[in-house]
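> Here is my input; please provide its structure:
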Amino acid sequence: MNNQTVLLTDYAWPDDTVERHIIESADMKLVTGPATPSPAPEIDCLVREHKPSAIMTNWAIVSATAIAASPQLKIVARLGVGIDNIAVDEATKRGIWVTNVPDYSVEEVSDHAVGFVLAWTRGIVFFDREVRAGRWAPASANLRRLAALTCGIIGFGRIGRATARKLAAFGCRLLIYDPVQSTSPSGAEFVELPRLFSESDIVIVHAPLTESTRHLINRERLALMRSGGLLINVSRGGVVDTAAVIEALRSGHLSAAGLDVLESEPEVPPELRVQSGAMLTPHVAFSSDASLLDLRKRAAEEVVRVLSGELPRYPCNK
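The predicted model follows:
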């Protein structure tokens, strides 16, 4: 036994069998925290207690205190894409790798975004609620032809490109904003953010959460959108100002918002729940049987790789 301990802080699936098999097959020890992410001080305590060589985290916050609490720590592996719940600067300062699994759910998240689009253009969520409430009123339909609409995509990484590819098949016009990417696919156009908002019927957010993108979608930018449009966020809750979305739904400036993520999650503001145009899912855009298995295997294999003295395949720092 090589006495290296791996701490799994939390997990969004029924058990830790996949991670445990990979870690223990490498002659390492896995310690698992509760499935529901504990507050940061409790994670700090777990790290102090077990002194792991690796931390795997799903949603739990791995703070600078936690990272400093284990002298033998070599890697903090995110079971996901975004790393905003990890103190990356502290890890980098201490020579500790931070990794993610960048492409495990590209198809799922882009499917989810397109699903929100179709649910809105075809009135699927709205009419499901109406029929269940005993109202059968096809004459009230105010539906849209997707091919006649303009869709703006904010963020053009792997998922943004997949969403563009799928929407292109419906024949809609595509506008793209990304401060880093500059090569647009055939049939799409790179534009600045104000133009994207002012010309889009649908705006889809695929941006990571950083200090520069927090509340990137705010009152001023939503006001630029065409009246009666749709906002979709399948990235991180903090990229969108929830209060601004509620205000736009209330006024009718937005007819709908498809939100898989919220800045207050898992709490859902009551003012948002009562908006008939709000389509809400509980941060599940990444999830499928195939994507979760891929995520869990690759994150655990990355930990074994680094603890065995190899370089990580998916580093997020230097």
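
> Which neighbouring elements make contact with the least confident helix or strand in the chain by mean pLDDT?
Lowest mean confidence among the helices and strands of the chain (mean pLDDT, DSSP states H and E): strand 188-190, at a mean of 92. Judged by 3 or more C-beta pairs under 8 Å, 6 or more residues apart in numbering; DSSP states H and E, strand 188-190 is in contact with strand 173-177. Where C-beta positions appear, they are placed from N, C-alpha and C, glycine not excepted.

> What residues of the strand it packs on count as buried?
Across strand 173-177, burial judged by 16 or more other C-beta atoms under 10 Å covers 173, 174, 175, 176, 177.

> what residues are up against the most centrally placed residue in the chain?
Nearest to the mean C-alpha position of the chain, counting by C-alpha atoms, centre = their mean, stands residue 235 at 3.7 Å. Residues counted as contacts of residue 235 (C-beta atoms under 8 Å, 6 or more residues apart in numbering) are 82, 155, 205, 206, 207, 208, 209, 261.

> Locate it within the secondary structure: which element?
Assigned by DSSP states H and E, residue 235 belongs to no helix or strand.

> do you know how far it is from residue 153?
11 Å (C-beta to C-beta, to the nearest Å).

> joint contacts of those two?
Joint contacts of residue 235 and residue 153 (C-beta under 8 Å, 6+ apart) are residue 206.

> I'd guessed residue 244 sits against residue 225; true?
No - under the criterion of C-beta atoms under 8 Å, residue 244 makes no contact with residue 225, lying 11.3 Å away.

> Okay, now the unreliable bits of the stretch 201-318 of the chain?
Within the stretch 201-318 of the chain, no range satisfies pLDDT under 70.

> From the chain's centre, how far out is stretch 239-250? Work that out for me.
18 Å (C-alpha atoms, centre = their mean, to the nearest Å).

> Flag every buried residue along it.
239, 240, 241, 242, 244, 245, 246, 247, 248, 249.

> residues in contact with the fifth one?
The reference is to residue 244. 215, 217, 218, 219, 222.

> In TSV: the buried residues of stretch 239-250, plus distance to residue 291 and secondary structure.
Compiled in TSV, those are given as follows (distance: C-beta to C-beta, whole Å; DSSP: H, G, I helix; E, B strand; the rest coil):
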residue	distance to residue 291	secondary structure
239	21	helix
240	23	strand
241	29	coil
242	26	helix
244	31	helix
245	27	helix
246	31	helix
247	34	helix
248	31	helix
249	30	helix
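
> In terms of helices and strands, where is residue 304?
Per DSSP H and E, residue 304 falls inside helix 289-307.

> from the chain's centre, how far out does that helix sit?
18 Å.

> Next: stretch 9-24.
Centroid displacement of stretch 9-24 relative to its chain, using C-alpha atoms, centre = their mean, is 21 Å.

> and that stretch, average pLDDT?
For stretch 9-24, mean pLDDT rounds to 96.

> same thing with stretch 128-135?
In the prediction, stretch 128-135 has an average pLDDT of 96.

> Quick check: buried residues in it?
Result for stretch 128-135 [16+ other C-beta under 10 Å]: buried residues residue 130.

> Brilliant, that's me finished.
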